[in-house]
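# Got a predicted model here, sequence first, then my questions.
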Amino acid sequence: MAIWLFLRIFAAKLSLTIQIGNMKQNLLIYNTLTRQKELFKPLHTPNVGMYVCGPTVYGDPHLGHARPAITFDIVFRYLKHLGYKVRYVRNITDVGHLEHDADDGDDKIAKKARLEQLEPMEIAQYYTNRYHDAMNALNVLPPSIEPHATGHIIEQQMLVQQILDNGYAYVSNGSVYFDIEKYNKDHKYGVLSGRNLDDVINASRELDGVGEKRNQVDFALWKKAQPEHIMRWPSPWSDGFPGWHCECTAMGRKYLGEHFDIHGGGMDLVFPHHECEIAQAVASQGSEMVHYWMHNNMITINGQKMGKSLGNFITLEQFFTGSHEALDKAYSPMTIRFFILSAHYRGTVDFSNEALTASEKGMTKLMQGIDDIKRVVAADSSDANIATFAANFRQKCYDAMNDDLQTPVVISLFFEACHIINTLIDHKAKISQEDLNEIDSTMQLFACELLGLKNETNNSGAREEAYGKVVDMVLELRAKARANKDWASCDQIRDMLKEAGFEVKDTKDGCVWKLNK
């Protein structure tokens, strides 16, 4: 029995060592709360809890939705690669998000339901499906858990009651509001955004007595439903619905506990949404829930944030099909992913056809480089500069990722590798099989597995293979013409292939081709 127990313990320790072997990489992430990069140290290694604010499902997903999805997909992929067991929660908001992020007005989903004469849940389900389809096209991995706000009304009501019991909320005409002035005296409201709430509260005093709130800066925890409001649930205070900020606090705590590692979302959520989440957590449980706050920057059009509420958005389907007047042509899902990863997640990205076309060319160049590796003929040894690059390539990629996920730096390293691959194909340099394998495996790991990029031309499978066979047959005829010194036929075949979009190149090892269209 003692030997058996020893073996069990030894096996468990060995498994853990293998599992967290890559955690030797020191990952730095920028924490919005402290406004600096911090070494990532999970609260409960090897487990990591991550919550990311998902979409409000009342319309088709647009380019602005793609950025946080791809950003935190990279975080998810990289943490898992480092050996962590990640529970990734990304919510679906299907109730409580009023127009203009306010405490009064129409629920965005309910308004859409009235306009289209459908049940609100039909609207929510339809656009949730559309969101999933778009994320799948972008090669965004699904989260571990995807809770819906409407499925967690009880948890949100419990949160509201806790805040009331602790004296940081009040009931007014059947609605419940968070008392920011009371909270601000005991704690500090504004720690995430850096806003001075004393000035805001003082400025709001002239509006005291107007409406249901004691101060206009107070936010709704529960709203009494007006007679025309479709979505409503019974509660101790009224038939109504939860305030928008409640769902993430309630669902984050349910699935990740009272304290978890990462909370992410777009920078536009820092205030008021995430600021309110911090206040709700402290007011209900006496401490903050989140260790690291991560925020991606915005997608802009002519310097203005892209969003449904501003009416300046382009849906992802429109990008994929080219069916928008602002688009010169269609752009593939991988072009969109490459476009977003070409900028650091905390930097702004301004939409333009020129930028997307450059990303399209960059993506094609990268995939061609990865595909061309198998055409390289290895030598007995590598040139000194090639050997140095191969030896350092992988760790340089790690260094970039460990520095707050510098995906643009990783992509620049890919292009350096592509340049080397081209010189090898042209027999202008030599590489050993070992170094060639190292470059190949590093490209596969970081480009495909960690950045989630994939060669879309491979999706057509058998048809692509058939095209390849036809081109190879034509090039065999060209080779025979070349052997017979029939230069006219040889040039004619090359020119006809070029006109069809195929680039033909003669090398010492024979003729090679690639599709440029």
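The structure has been received and is ready for your questions.

# Let me know how buried the closest residue to Asn402 other than its chain neighbours is, in neighbour terms.
Among residues not flanking Asn402 along the chain, Leu27 sits closest, at 5.0 Å (C-beta to C-beta, 6 or more residues apart in numbering). Using the backbone N, CA and C atoms, a C-beta is placed for each residue, glycine as well. If you count neighbours by other C-beta atoms under 10 Å, Leu27 ends up with 22.

# Offset the numbering so it begins at 23, please.
Got it, first residue is 23 now, which makes that one Leu49.

# Quick check: pLDDT value at Glu234.
On pLDDT, Glu234 comes in at 89.

# Quick check: phi and psi on the residue nearest to Asn424?
With angles defined as degrees, to the nearest 10, Leu49 sits at phi -90, psi 120.

# ok, it - contacts?
Contact analysis of Leu49 by C-beta atoms under 8 Å, 6 or more residues apart in numbering lists Leu61, Phe62, Tyr100, Leu104, Met423, Asn424.

# If we use 10 Å, what do you get?
Taking C-beta atoms under 10 Å, 6 or more residues apart in numbering, we find Leu49 in contact with 59-63, 97, 100-101, 104, 106, 420, 423-427.

# Keep only those of those residues that are in helices.
Counting by DSSP state H, the contacts of Leu49 place Val97, Tyr100, Leu101, Tyr420, Met423, Asn424 in helices.

# mind putting those residues in a markdown table, neighbour count and pLDDT included?
Below are the ones in helices among the contacts of Leu49 laid out as a markdown table (neighbours: other C-beta atoms under 10 Å; pLDDT from 0 to 100):
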| residue | neighbour count | pLDDT |
| --- | --- | --- |
| Val97 | 23 | 98 |
| Tyr100 | 23 | 98 |
| Leu101 | 22 | 98 |
| Tyr420 | 23 | 98 |
| Met423 | 23 | 98 |
| Asn424 | 19 | 98 |
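
# Need the max-distance pair from these.
Across the ones in helices among the contacts of Leu49, no pair lies farther apart than Val97 and Tyr420, at 15.2 Å, counting by C-beta to C-beta.

# Tell me what Val198 is bridged to.
Taking DSSP bridges as the rule, Val198 bridges to Val193, Trp244.

# just Ile167 next, same as before
Where Ile167 sits in a bridge, its partners, by DSSP bridges, are Val111.

# how much space between Ala401 and His449?
10 Å (C-beta to C-beta, to the nearest Å).

# go on, Val492?
Applying C-beta to C-beta, the value for Val492 to His449 is 28 Å.

# cool, Ser374 as well?
39 Å.

# got it, and Phe282?
For Phe282, the distance to His449 - C-beta to C-beta - is 54 Å.

# Among the two, which residue is more densely surrounded?
A side-by-side neighbour count of Phe282 and His449, using other C-beta under 10 Å, places Phe282 first with 24 against 13.

# For the residue lying closest to that one once chain neighbours are set aside, grab phi and psi.
Leaving aside its sequence neighbours, Phe282 sits nearest to Gly71 (C-beta to C-beta, 6+ apart; 3.4 Å). When read as degrees, to the nearest 10, the backbone of Gly71 gives phi -110, psi 130.

# residues near Gly71, how many?
Neighbours around Gly71, by other C-beta under 10 Å: 25.

# Bridging across strands, which residues link to it?
Bridge pairing for Gly71 - DSSP bridges - gives Arg109.

# got a list of what it touches?
Gly71 makes contacts with 64-65, 107-111, 166, 274, 277-279, 281-285, 311-313, as judged by C-beta under 10 Å, 6+ apart.

# what do you get for Ile185?
191-192, 198, 200-201, 205, 243, 268, 271, 301-307.

# distance of Asn318 from Gly189?
Distance from Asn318 to Gly189, by C-beta to C-beta: 36 Å.

# The two: which has the busier surroundings?
The neighbour comparison of Asn318 against Gly189 (other C-beta under 10 Å) goes to Asn318, with 26 against 12.

# residue ranges for the helices of the stretch 323-472 of the chain, please.
338-343, 355-363, 375-394, 406-424, 429-447, 455-465 (DSSP state H, counting those that start in this stretch).

# Reformat the ones you listed as CSV; add distance to Lys527.
Shown next, in CSV, are the helices of the stretch 323-472 of the chain (distance: least, C-beta to C-beta, whole Å):
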stretch, distance to Lys527
helix 338-343, 31
helix 355-363, 25
helix 375-394, 11
helix 406-424, 21
helix 429-447, 9
helix 455-465, 20
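
# highest average neighbour count across those helices?
Among the helices of the stretch 323-472 of the chain, the stretch with the highest mean neighbour count (mean count of other C-beta atoms under 10 Å) is helix 355-363, at a mean of 24.

# what's the angle from that one to helix 429-447?
If you take axes from the mean of the first three to the mean of the last three C-alpha atoms, to 10 degrees, helix 355-363 sits at 120 degrees to helix 429-447.

# and the angle from helix 355-363 to helix 375-394?
Using the same axes, to 10 degrees: helix 355-363 against helix 375-394 is 110 degrees.

# by contact count, what packs against helix 355-363?
helix 85-103, helix 142-159, helix 338-343, helix 375-394, helix 429-447 (3 or more C-beta pairs under 10 Å, 6 or more residues apart in numbering; DSSP states H and E).

# and the third one, what does it pack onto?
Pointing back at helix 338-343 there. helix 85-103, helix 142-159, helix 355-363.

# Tell me which of the ones you listed lies nearest to Ala348.
The closest of the helices and strands packed on helix 338-343 to Ala348 is helix 85-103. By C-beta to C-beta, the value is 11.0 Å.

# Isn't Cys268 up against Ser257?
No: contact criterion C-beta atoms under 10 Å: Cys268 and Ser257 do not qualify, at 11.8 Å.

# quick one: common contacting residues for those two?
Common neighbours of Cys268 and Ser257 (C-beta under 10 Å, 6+ apart) are Ile175, Gln178, Gln179, Val182, Val198, Trp244.

# Looking at those residues, spot the one nearest Gln466.
Distances from Gln466 to the shared contacts of Cys268 and Ser257, taken by C-beta to C-beta, are shortest for Gln178, at 44.1 Å.

# my guess is that closest one contacts Pro264, does it?
Yes: if you go by C-beta under 10 Å, Gln178 and Pro264 touch, sitting 4.2 Å apart.

# Pull the number of nearby residues for Tyr211.
Tyr211 is flanked by 26 other residues according to other C-beta under 10 Å.

# Among the ones in helices among the contacts of Leu49, which one lies nearest to Phe436?
Using C-beta to C-beta, Met423 is the member of those that sits closest to Phe436, with 12.7 Å.

# got a list of what the closest one touches?
47, 49-50, 96, 100, 103-104, 429, 431-432, 468, 472-473 are the contacts of Met423 under C-beta under 10 Å, 6+ apart.

# Setting aside sequence neighbours, what's the nearest residue to the spatially most central residue of the chain?
The residue lying closest to the centre of the chain (C-alpha atoms, centre = their mean) is Ile92, at 2.1 Å. Nearest non-adjacent residue to Ile92, counting by C-beta to C-beta, 6+ apart: Ile362, 5.0 Å away.

# low pLDDT regions in this protein?
23-45, 118-127, 221-232, 330-332, 480-489, 530-531, 539 (pLDDT under 70).

# same for the longest helix belonging to it, what does it pack against?
In the chain, assigned by DSSP H, the helix with the most residues is helix 484-505. Applying 3+ C-beta pairs under 10 Å, 6+ apart, one finds that helix 484-505 makes contact with helix 509-521, strand 524-529, strand 532-537.

# farthest pair in the shared contacts of Cys268 and Ser257?
Ile175 and Val198 (13.7 Å).
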